[in-house]
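Let's see this in three dimensions:
(chains A, B and C)
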Amino acid sequence: MSSENGGEGQGQEGPEQLALIREAVRKAKPRARKAVPTAERLPVARVAVDKALSHLDRLYDYSVPSSMDADAVPGARVRVRFGGHVAKADKGRRTGGRLVDGYIVERRESSDYRGPLAPLASVLSPEPVLSPDLLALARSVADRYAGTLADVLQLAVPPRHGRAEAEPSPEPRPAPDPPEPGTWSRYPAGSAFLQALRRGDTPRAVWTALPGPHWPQELARAVVATLASGRGALVVVPDGRAAARVDAALSSLVGEGHHVVLTAESGPRERYRRWLALSRGAVRAVVGTRAAMFAPVRDPGLVALWDDGDSSHSEQHAPQPHARDVLVLRAANERTGFLLGGLTCTAEGAQLVDTRWALPLAAPREALRAAAPLVRTVGDNDQARDAAARAARLPSLAWQITRDALERGPVLVQVPRRGYVPRLACERCREPAHCQVCAGPLEIRDEDGVLHCAWCGRPETAWHCLACGSTRLRAQVVGARRTADELGRAFPKVPVRTSGRDGVIASVPGRPSLVISTPGAEPVAEGGYAAALLLDGWALLNRPDLRAGEEALRRWLGAAALVRPQSEGGTVVVVAEPSLRPVQALVRWDPAGHAVRELAERAQLGFPPVSRMAAVTGKPAAVADLLATTPLPDDTDILGPVPAPPTAQWGDEPLERVLLRVRPGQGAALAAALKSAQAVRIARKEPDPVRVRIDPPDIG
DNA sequence: AGCACGCCGACT
DNA sequence: GTCGGCGTGCTC
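Here you go, the predicted model:
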């Protein structure tokens, strides 16, 4: 082909000429659609394109070259040219277009697209990684969270690893025998739940677990009961430690080969290998951390979640789905049983019961009394008279109980993480400490201990309480390290160990020792702890968070559940104001009752989960524009805007956040409205992004 | 996001 | 007349 530009511009020089050459090159090789032969049967592939842009969140049709016919199965990964343009003047010719990844969703006889179809660029592998169920789930999750299918698929389908894919998966095992109820018999509805799973039914339960070490084994029995029905099962737990415990319980019940573990601990190859074993139906059950919520279990009969209050169940990547909500969607879409278990109960769990979607699964009082330790409270102003106790900053009661318990076994001391307290308060009157300039909350910087404002960043050098004039702040929580030092001095004959962010201990022997731990990092003690001290309760309860009370109770119960039952002398001391609701719920060991009251209060105040909320964050003008141009559901409350903390994403620009609130049943409509609002903004090429977050976690 | 088309003003 | 500004719309 000769250049149309011929001799023109030959005498010119410099950038113009370069531009002309570039132009000539571009024109000389338009990516002509070669007359590739197309598959004879089902020549059209409907493709989910891996582009997260919300205004092109739909499926696209491509033609299937006959050379790819055999590999281009539904679910296969493909590459396609996307975003090119069909020139009018030169019909059928395509120019440009970038190669993007995608998945074949369906092979069809014809397309309803009026226009020439581009051919698939390549089929990466015939492995059908995107099953119809997984696609449907991803679509539901995207809709629920105002996100795109592509975003969710990125969470749901792991990256391909060729070697792992080439390996054959193991032969599937025959279904195991149904399990004995074991410790499930402590729950009146426990055996019935297992039997329902084993029969092939789909029971749904919110399970308030008894304290003690049995829950991993109980989860495992639910899995085995489901396997015995010939169906698959999925268990999502908050961290690798919990996964390891359920894994061990499963292995001891039915041996290896029936299940895989999906956690961050295994590398990409091994992870993909296990994922494929599930997808291929070679292995029927999985236990894992939150990414496992999408695991491609074949014909699942049960989806289970442990400890839904743990923040690690919130996915960090867009659209930030929560494992509980994904599994609720999954139970509905794939018609499976559902088990939401924990030592505690969230308001969301209580709501599943309240709406009759799930039944409560709890133990009677007697079983609880047999399993739980004695819980005692100490007001947080109690001063120890004993000098040694004062040095260790322990109230007298806590001191005595520790001393006695250390005769009989290990003692757990739970201390909030250093830097955990977002809000400092006056030591005398508890008035929260505010910045004198902007009234933002004061905090102590972790690195250098400097008191400064969390909003404006101004260092505060001469704070005094505006209410009572005191100049003493309630100090930041003392870290585990220093607590360990002090307690070590107070009990010099006892070994002291710490478990926390850097260095989590999984378990400790049953010998007397002091175990200082931050919440969530508590080691399991052989035979149970003789006692536990829950220090600095005020710090957990003072957080400016909707879920502060629920979260404090969750962390206390998590530690207290590791203590021996009261009948064996197990005692828990919580240092916190005894009149507060979470403290009373701990003393009575009544997390379900706490959750019911919490839910009722949130309903009355119009808080989640009864109302659905969304946060819209961005530059003030951008947020205002989105709200002005978006038809929101009727009765949407618009709360704010309020200043939002700056984020790296936006640099130093001042940001605003608006909370949108809709009444029950309107959540889907709100998500849909926000998604189309985003699509409009992107299509209009608005320069300033707006972040939309359904179910924002940090509402104070 | 890219990329092309199209409908108006300054230049050869 | 034609080059080129960017406003608008589409991507199988």
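
from here on, contacts and neighbour counts on C-alpha atoms
OK.

For the strand or helix carrying A:Gln195, give me every contacting residue.
Assigned by DSSP states H and E, A:Gln195 belongs to helix A:190-199. For helix A:190-199, contacts defined as Cα atoms under 8 Å, 6 or more residues apart in numbering pick out A:178, A:181, A:184-185, A:202-203, A:221-222, A:225-229, A:301-302, A:337, A:361.

then that helix to PDB, C-alphas only?
Extracted in PDB, the C-alpha atoms of helix A:190-199 (Å, rounded to 0.1, in the frame of the first residue of the first chain):
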ATOM      1  CA  GLY A 190     -27.800 -28.300  67.200                       C
ATOM      2  CA  SER A 191     -28.500 -31.900  66.100                       C
ATOM      3  CA  ALA A 192     -31.500 -30.800  64.100                       C
ATOM      4  CA  PHE A 193     -29.300 -28.300  62.200                       C
ATOM      5  CA  LEU A 194     -26.800 -31.000  61.400                       C
ATOM      6  CA  GLN A 195     -29.500 -33.400  60.300                       C
ATOM      7  CA  ALA A 196     -31.100 -30.800  58.100                       C
ATOM      8  CA  LEU A 197     -27.700 -30.300  56.300                       C
ATOM      9  CA  ARG A 198     -27.200 -34.000  56.100                       C
ATOM     10  CA  ARG A 199     -30.600 -34.500  54.500                       C
END
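
Just the buried residues of it, please?
A:Gly190, A:Ser191, A:Phe193, A:Leu194, A:Gln195, A:Ala196, A:Leu197, A:Arg198 (16 or more other Cα atoms under 10 Å).

Return the member of those nearest to DNA strand C.
Nearest to DNA strand C, judged by Cα to the nearest atom of the strand, of those is A:Leu197 at 42.4 Å.

Which stretches in the stretch 101-250 of chain A count as strands?
A:120-125, A:204-208, A:232-236 (DSSP state E, counting those that start in this stretch).

Deepest-packed of these, please.
Among these, strand A:232-236 has the highest mean neighbour count (mean count of other Cα atoms under 10 Å), at a mean of 29.

Mind giving me the packing neighbours of that one?
Applying 3 or more Cα pairs under 8 Å, 6 or more residues apart in numbering; DSSP states H and E, one finds that strand A:232-236 contacts helix A:215-228, strand A:285-288, strand A:300-306.

mind listing what A:Val326 touches?
Contacts of A:Val326 (Cα under 8 Å, 6+ apart): A:Val141, A:Met293.

element containing it?
helix A:323-333.

tell me the mean pLDDT over that helix?
What helix A:323-333 shows for mean pLDDT is 98.

Restrict it to CA atoms and write it as PDB.
The C-alpha coordinates for helix A:323-333 follow below in PDB (Å, rounded to 0.1, in the frame of the first residue of the first chain):
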ATOM      1  CA  ALA A 323     -18.200 -11.400  53.800                       C
ATOM      2  CA  ARG A 324     -21.400 -11.600  55.700                       C
ATOM      3  CA  ASP A 325     -23.400  -9.900  53.100                       C
ATOM      4  CA  VAL A 326     -21.700 -11.800  50.300                       C
ATOM      5  CA  LEU A 327     -22.600 -15.100  52.000                       C
ATOM      6  CA  VAL A 328     -26.200 -14.000  52.500                       C
ATOM      7  CA  LEU A 329     -26.400 -13.300  48.800                       C
ATOM      8  CA  ARG A 330     -24.700 -16.500  48.100                       C
ATOM      9  CA  ALA A 331     -27.100 -18.500  50.300                       C
ATOM     10  CA  ALA A 332     -30.000 -17.000  48.400                       C
ATOM     11  CA  ASN A 333     -28.600 -17.200  44.900                       C
END
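
on that earlier part again, would a markdown table of the buried residues of helix A:190-199 with distance to DNA strand B and pLDDT be doable?
What follows is these, written out as a markdown table (distance: Cα to the nearest atom of the strand, whole Å; pLDDT from 0 to 100):
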| residue | distance to DNA strand B | pLDDT |
| --- | --- | --- |
| A:Gly190 | 52 | 97 |
| A:Ser191 | 54 | 97 |
| A:Phe193 | 50 | 98 |
| A:Leu194 | 50 | 98 |
| A:Gln195 | 52 | 98 |
| A:Ala196 | 50 | 98 |
| A:Leu197 | 47 | 98 |
| A:Arg198 | 50 | 98 |
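
Out of these, which is nearest to A:Thr471?
Nearest to A:Thr471 out of these is A:Gly190 (Cα to Cα; 55.8 Å).

Could you measure from the closest one over to A:Pro181?
8 Å (Cα to Cα, to the nearest Å).

Kindly report the same for A:Leu194.
7 Å.

Find residues that contact each of those two.
Common neighbours of A:Leu194 and A:Pro181 (Cα under 8 Å, 6+ apart) are A:Arg221.

okay if I get the strands of the stretch 101-250 of chain A as JSON lines plus distance to A:Glu106?
As requested, the strands of the stretch 101-250 of chain A are exported to JSON lines (distance: least, Cα to Cα, whole Å):
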{"stretch": "strand A:120-125", "distance to A:Glu106": "13"}
{"stretch": "strand A:204-208", "distance to A:Glu106": "32"}
{"stretch": "strand A:232-236", "distance to A:Glu106": "25"}
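
Let me have the ones you listed in JSON lines, adding mean pLDDT and distance to A:Glu551 as columns.
Below are the strands of the stretch 101-250 of chain A laid out as JSON lines (pLDDT from 0 to 100; distance: least, Cα to Cα, whole Å):
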{"stretch": "strand A:120-125", "mean pLDDT": "96", "distance to A:Glu551": "45"}
{"stretch": "strand A:204-208", "mean pLDDT": "98", "distance to A:Glu551": "15"}
{"stretch": "strand A:232-236", "mean pLDDT": "98", "distance to A:Glu551": "19"}
